[in-house]
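# this one's structure only:
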């Protein structure tokens, strides 16, 4: 049965046959148990430098949070485990720095092997594990390297394989594999605020940069970041656990306060021959990206100003540290310059560059002082997957055909024309390629199929499944629930200014004439797209199995719709996003199968902020709201993220006052549940305590749940069950069926 709503076909029944009624219901206990209902979910997939092996980290069926290292022979398709994390690991507790780095890489809560690095000769793999470094061979042997006691960060092999670099005790250490000797290449003695070879907090959390040192391609030199966090204000954060609490003096750069002082140095592998890179006279800057030219003769540095309106590409002489500006990106009025990882120096001296200078994210080639635009149109390039210089092709991921999909394309570098699509429509794709761009690893999913991974040639032809992960396979963990899987449908509404907004919805099996409650999930923040044709996860289906309609919409200010769409929140967070989400709620109330009095809303992080802003802006629209780890005052959040959109609070205090949630907290009249991890180092607990105090002082009722020992990611096999049972007990109590 189909029902047409505003020109969009909604599936009223399951895509499965009638026996769907007999399918088991999904419970929160099952959603968060092992094995993972999404099936095996490998990550960190790489091709060996010689292309003979494909390696990945695979989670265990009985312990989905623990990962081991596996390898596939690409000629035979044979798989074998190279490193068993339980057999090799020491079981040592991770350091606070390691835990926080994992949180910022969005892999917090995982255990076992987190990362690895191939040797250039394809004969061994460097594996950091529980504070130690191991060298794994393809025959299954594992050697522990002598690297001294203590945690090691950012461990990796040098490009030619002669050295192992890692950060220990805030210094860069370099192990010479030929001699077995370790050189401490830097010196931070005398102060605990100086770090070498690390990425500072905002680089990890907001700039997608997790390392602070970069090898020249021939191992001749290393570029090493040095930062001093002495100017950064201290947040006294109580990391409250179940049985004890730790007072953490965390250097946290709140908006409008000082950042770390950043320097960049060049040195030989043993630490000799140090020269300081000229980053300019202005010290209040961001070191955004660092990359070497293929011939090791030039070090490229992306320097961003504090306001993030100017991004300079510097060319640095590795011998002297002298720099010159190659070119500059500048934002338009009431905007900012976004960063990208697409930058690729080529052997002929030209550069592949990503820019939003025409209003959309596209690829350009810079050569001899001139830009040539390689892609163009009302669509966005997400990333560059690889460059084949011999054939003159650049491969990239984009939403050219459908804003809800992500496909892989290539375009000719020398004669750019319409891009050639290499992946199948109807899927949300990710892809990585080997250094020569001769083969690719493609990860894809859609609304009915969790992530699959396959190996393909440069034309996109599938050579072998890496992880077919078909839900139609009787052994797949989700297969027993497949008959009851509810289809996700899509549609659009228009914002107040006429902008098209995309939404998605999952309905339970509905009875004619009956109205259903809605679980209205939202995020709403910049640099994020939530409405896609990718796999949504079993949690959505479990919510629908409880009799709720699941719904979300992408508002203005979110990503992948062009710069103007995103710029709508400039100096105005909590305005158009709230208006657009409320338009989504108004649309829901026009549907005759929706119970208008039982629309509940939920969000985490920026979404938690949005819950508070929506309840303040429109009392009575929602039956209840859940706010998880919310930002309550942007003055309490970090510099790089907040000032990018809101400006400096010392210069535009009125914008910050309008955007915070505390100012209008007393307008909240609907049931509110506030949730926060008590060891959160990202959106620190102070955000919620400020809000709680304001509500209490004004006798505004609300409910709260705090999770001892948990950071910004509150979760785990049992904790997640507790939290989601809590949420729905609150929602069912606040918006009961009539």
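Looks like it came in fine. Since this is a predicted model, take the numbers as computed values, not measurements.
# Walking through the stretch 301-450 of the chain, point out its strands one by one.
310-316, 323-330, 344-345, 351-355, 362-367, 370-373, 381-388, 393-398, 407-412, 420-421, 428-433, 439-446, 449-457 (DSSP state E, counting those that start in this stretch).
# and residue 174, that's in a helix?
No: applying DSSP: H, G, I helix; E, B strand; the rest coil, one finds residue 174 to be strand, outside a helix.
# Excluding sequence neighbours, find me the nearest residue to the residue most central in space within the chain.
Compute the mean C-alpha point of the chain, and by C-alpha atoms, centre = their mean the closest residue is residue 106, 6.2 Å away. The shortest distance from residue 106 to any residue that is not its chain neighbour, by C-beta to C-beta, 6 or more residues apart in numbering, is 7.9 Å, and that residue is residue 713. Backbone N, C-alpha and C define where each C-beta goes, glycine included.
# For the one you found, list the residues it contacts.
103, 106, 108-109, 677 (C-beta atoms under 8 Å, 6 or more residues apart in numbering).
# Now tabulate the strands of the stretch 301-450 of the chain in CSV and tack on mean neighbour count, distance to residue 612 and mean pLDDT.
Supplementary listing: the strands of the stretch 301-450 of the chain in CSV, determined by neighbours: other C-beta atoms under 10 Å; distance: least, C-beta to C-beta, whole Å; pLDDT from 0 to 100:
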stretch, mean neighbour count, distance to residue 612, mean pLDDT
strand 310-316, 20, 33, 98
strand 323-330, 14, 35, 98
strand 344-345, 20, 42, 98
strand 351-355, 21, 35, 98
strand 362-367, 20, 36, 98
strand 370-373, 12, 42, 98
strand 381-388, 21, 31, 97
strand 393-398, 23, 34, 98
strand 407-412, 21, 37, 98
strand 420-421, 14, 42, 98
strand 428-433, 20, 30, 97
strand 439-446, 22, 32, 97
strand 449-457, 19, 33, 97
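# Would you format the ones you listed as JSON lines with distance to residue 177 included?
Below are those laid out as JSON lines (distance: least, C-beta to C-beta, whole Å):
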{"stretch": "strand 310-316", "distance to residue 177": "27"}
{"stretch": "strand 323-330", "distance to residue 177": "32"}
{"stretch": "strand 344-345", "distance to residue 177": "27"}
{"stretch": "strand 351-355", "distance to residue 177": "32"}
{"stretch": "strand 362-367", "distance to residue 177": "37"}
{"stretch": "strand 370-373", "distance to residue 177": "42"}
{"stretch": "strand 381-388", "distance to residue 177": "28"}
{"stretch": "strand 393-398", "distance to residue 177": "33"}
{"stretch": "strand 407-412", "distance to residue 177": "36"}
{"stretch": "strand 420-421", "distance to residue 177": "42"}
{"stretch": "strand 428-433", "distance to residue 177": "26"}
{"stretch": "strand 439-446", "distance to residue 177": "28"}
{"stretch": "strand 449-457", "distance to residue 177": "30"}
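# just to revisit the earlier point, can you list which of the contacts of residue 713 are found in strands?
When strands are assigned by DSSP state E, the members of those inside them are residue 677.
# which one of the contacts of residue 713 has the most neighbours?
Highest neighbour count within those: residue 677, with 26 neighbours (other C-beta atoms under 10 Å).
# who's in contact with it?
Residue 677 touches 629, 685, 706-707, 709-714, counting by C-beta under 8 Å, 6+ apart.
# Among those residues, the buried ones, what's the ChimeraX command?
Selecting only the buried members of the contacts of residue 677 in ChimeraX, with burial defined as 16 or more other C-beta atoms under 10 Å, works like this:
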select :629,685,706,707,709,710,711,712,713,714
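# Please name the bridge partners of the nearest residue to residue 148 once chain neighbours are set aside.
Here the nearest residue to residue 148 in space, its sequence neighbours aside, is residue 168; by C-beta to C-beta, 6+ apart that works out to 6.5 Å. Here residue 168 shows beta-bridge partners residue 171, assigned using DSSP bridges.
# Correct me if wrong: residue 168 contacts residue 152.
Yes: applying C-beta atoms under 8 Å, one finds residue 168 in contact with residue 152, separated by 5.4 Å.
# between these two, who's got more neighbours?
Each of residue 168 and residue 152 has its neighbours counted (other C-beta under 10 Å); residue 152 has more, 22 against 19.
# any idea how far residue 612 lies from residue 483?
According to C-beta to C-beta, to the nearest Å, residue 612 and residue 483 sit 39 Å apart.
# circling back to that earlier point, next one: the residue nearest to residue 106 relative to residue 221, how far apart?
38 Å.
# So for the helix of greatest length in the chain, mean pLDDT?
Of all the segments of type helix in the chain, defined by DSSP state H, the longest one is helix 719-734. In this model, helix 719-734 has an average pLDDT of 97.
# ok now do residue 250, which residues does it touch?
Under the criterion of C-beta under 8 Å, 6+ apart, the contact list for residue 250 reads 234-237, 681, 684.
# how about a cut-off of 10 Å?
Each residue near residue 250 by C-beta atoms under 10 Å, 6 or more residues apart in numbering is listed here: 96, 100, 201, 232-237, 239, 681, 684.
# gap between it and residue 579?
Where residue 579 is concerned, residue 250 sits at a distance of 35 Å (C-beta to C-beta).
# what's the distance between the nearest residue in space to residue 424 that is not next to it in sequence and residue 387?
Beyond its immediate neighbours in the sequence, the residue positioned closest to residue 424 (C-beta to C-beta, 6+ apart) is residue 444, lying 7.6 Å away. Taking C-beta to C-beta as the measure, residue 444 and residue 387 are separated by 22 Å.
# Does residue 208 belong to a helix, a strand or coil?
With three-state DSSP as the criterion, residue 208 was assigned coil.
# Need the phi and psi values for it.
Dihedral angles of residue 208 (phi, psi; degrees, to the nearest 10) stand at phi 60, psi 40.
# Would you agree it is in contact with residue 641?
No: in terms of C-beta atoms under 10 Å, residue 208 does not count as a neighbour of residue 641; the distance is 11.7 Å.
# Looking only at neighbour counts, state which of those two leads.
It is residue 641, of residue 208 and residue 641, that has more neighbours when counted by other C-beta under 10 Å, with 22 against 16.
# got the contact list for the more buried one?
Applying C-beta under 10 Å, 6+ apart, the residues near residue 641 are 202, 205-207, 255, 308, 525-527, 606, 631, 634, 682.
# Ramachandran coordinates for the residue nearest to residue 25 when sequence neighbours are not counted?
When the adjacent residues along the chain are set aside, residue 25 lies closest to residue 545, with 4.6 Å between them (C-beta to C-beta, 6+ apart). Phi and psi for residue 545, reported as degrees, to the nearest 10, are phi -60, psi -20.
# Hmm, residue 26 and residue 545 touching each other?
Yes: shown here, residue 545 and residue 26 form a contact pair, counting by C-beta under 10 Å, at 4.9 Å.
# what pLDDT does the nearest residue to residue 563 once chain neighbours are set aside get?
Spatially, and ignoring its direct neighbours in sequence, residue 563 is nearest to residue 356 (4.7 Å; C-beta to C-beta, 6+ apart). Residue 356 is assigned a pLDDT of 98 by the prediction.
# show me the contacts for residue 356.
Applying C-beta under 10 Å, 6+ apart, we find residue 356 in contact with 329, 331-332, 335-338, 340, 362, 380-381, 562-564, 566-567.
# Distance check, it against residue 573.
Applying C-beta to C-beta, one obtains 20 Å for the distance of residue 356 from residue 573.
# related to what we said a few turns ago, how near is the residue nearest to residue 563 to residue 541?
Distance, residue 356 to residue 541, by C-beta to C-beta: 36 Å.
# residues contacting residue 717?
Contacts were defined as C-beta under 10 Å, 6+ apart; by that measure residue 717 touches 29, 32-34, 63-65, 109.
# Mind checking which of those residues are buried?
Among these, those scoring as buried are 32-33, 64-65, 109 (criterion: 16+ other C-beta under 10 Å).
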